[in-house]
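**Q** How does the following fold in three dimensions:
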Amino acid sequence: MRTKLSLILVVAIAFGSSLACKKDEEPAAAAAALATPVWTDLFAPDLSDAEFPAGIWTVADGVITASEDQALWTKKDYQNFVLD
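**A** Okay, the predicted model is just below:
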């Protein structure tokens, strides 16, 4: 029980201090940053930054298609992302 209470207190303190840091920002700048996410394309339009078996994947009019059930991999590693 004490461990759970200690964990809750640590989380509450950390969350409270992050809120305090956010108050120092300009409200308009903070709202704009939340309203306009910056997305990075996963693949280049010509798939030059992708790894895949030759002749399987193609791009036409911004649509990626495959002629077989094969994997399409990025050359870059991602750790924190939202796939949209």
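
**Q** The residue nearest to residue 58 when sequence neighbours are not counted: neighbouring residues, count only.
**A** With Cβ to Cβ, 6 or more residues apart in numbering as the criterion, residue 58 has its nearest non-adjacent residue at 5.8 Å, and that residue is residue 65. Placement of C-beta: from N, CA and C, glycine included. When neighbours are counted by other Cβ atoms under 10 Å, residue 65 registers 9.

**Q** How is residue 65 assigned, secondary-structure-wise?
**A** Put simply, residue 65 is strand when judged by DSSP: H, G, I helix; E, B strand; the rest coil.

**Q** can you tell me how far it sits from residue 81?
**A** From residue 65 across to residue 81, the span is 23 Å (Cβ to Cβ, to the nearest Å).

**Q** One more: residue 45?
**A** Relative to residue 81, residue 45 is positioned 19 Å away (Cβ to Cβ).

**Q** got it, and residue 46?
**A** Applying Cβ to Cβ, the value for residue 46 to residue 81 is 22 Å.

**Q** check contacts around the residue nearest to residue 58.
**A** Residue 65 sits next to 57-59 when contact means Cβ atoms under 8 Å, 6 or more residues apart in numbering.

**Q** try residue 39
**A** So residue 39 contacts residue 84 (Cβ under 8 Å, 6+ apart).

**Q** and it, what element?
**A** In this structure, residue 39 sits in neither a helix nor a strand according to DSSP states H and E.

**Q** how about the helices in the protein?
**A** Per DSSP state H, the chain carries helices over the ranges 2-23, 27-35.

**Q** Which of those helices has the lowest mean pLDDT?
**A** With a mean of 48, helix 2-23 has the lowest mean pLDDT of the helices of the chain.

**Q** Report the buried residues of stretch 67-83.
**A** By neighbour count with 16 or more other Cβ atoms under 10 Å, stretch 67-83 contains no buried residues.

**Q** just stretch 48-64 next, same as before
**A** For stretch 48-64, the neighbour count (16+ other Cβ under 10 Å) marks 50, 57 as buried.
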